[in-house]
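> Just the structure for this:
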Amino acid sequence: MAAVEDNEMSVIADDMEPSFAKCLVAGGMAGTAVDVTLFPLDTLKTRLQSEAGFWRSGGFRGIYSGLGSAAVGSAPGAAVFFVTYEFVKSLTGSLLPESLAPVSHMIGASAGEVAACIVRVPVEVVKQRAQANPGQSSYSVLRTTVTQEGFRGLYRGYLSTVIREVYIY
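Sure, this is the predicted structure:
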């Protein structure tokens, strides 16, 4: 009887493991929903932190400036996080004893953040610059950044962002 229960539990556990496609879609949808919903608050925060000051950066005007880059980058960034997290968690979970299961979650989440930042940081750079300059479109900010700073300009702050994100876990 115990063998039957163990077999049933293993079938249930296998069904609970999300597939690559589920991680990709769920991560993309969740990331987009959160980023679009909280975007106006993020814009206000960015303008409050702007060197030009809140009012010169646009104040309450155009609080959706830069939404295009956030919406476009949200789904891929979140999807990369969840796919990497699930893969690394699964890999480390099979290598570590059951008593260290939380460690496999921590390692998976940290790896997910490092991978997601490859997408997330350029999106953040463009988004924040568009938020601080409401007259410019996300595309215009992207072109200006690449022209003036090269592709490295899109990764300004990558290391500090990774350290911040990984440290949270």
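> element containing residue 68, please.
helix 67-95 (DSSP states H and E).
> what helices or strands is whatever helix or strand comes next after that helix leaning on?
Later in the chain than helix 67-95, the nearest helix or strand by DSSP H and E is helix 101-132. Contacts defined by 3 or more CB pairs under 8 Å, 6 or more residues apart in numbering; DSSP states H and E place helix 101-132 against helix 20-49, helix 67-95, helix 138-149, helix 158-168. For the C-beta atoms, the positions are set from N, CA and C on the backbone; glycine is no exception.
> Turn those helices into TSV, including mean neighbour count and distance to residue 120.
Shown next, in TSV, are the helices and strands packed on helix 101-132 (neighbours: other CB atoms under 10 Å; distance: least, CB to CB, whole Å):
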stretch	mean neighbour count	distance to residue 120
helix 20-49	16	9
helix 67-95	20	4
helix 138-149	15	15
helix 158-168	14	7
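> Out of those helices, the one nearest residue 127 is which?
Closest approach to residue 127 among these is made by helix 67-95 (4.7 Å; CB to CB).
> CSV for the helices and strands packed on helix 101-132, including mean pLDDT?
Shown next, in CSV, are these (pLDDT from 0 to 100):
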stretch, mean pLDDT
helix 20-49, 88
helix 67-95, 89
helix 138-149, 94
helix 158-168, 86
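> Nearest to residue 114, out of the ones you listed?
helix 158-168 (5.6 Å).
> Contacts for stretch 67-86, please.
17-18, 20, 23-32, 34-36, 39, 42, 108-109, 111-116, 118-120, 122-124, 126-127, 130, 137-139, 141-142 (CB atoms under 8 Å, 6 or more residues apart in numbering).
> hmm, 6 Å instead?
Identification of contacts with stretch 67-86 by CB atoms under 6 Å, 6 or more residues apart in numbering yields 18, 23-24, 27-28, 30-32, 35-36, 39, 108-109, 111-112, 115-116, 119-120, 123, 126-127, 138.
> Pull the distance from that stretch to the chain's centre.
Chain-centre distance of stretch 67-86: 5 Å, with CA atoms, centre = their mean, to the nearest Å.
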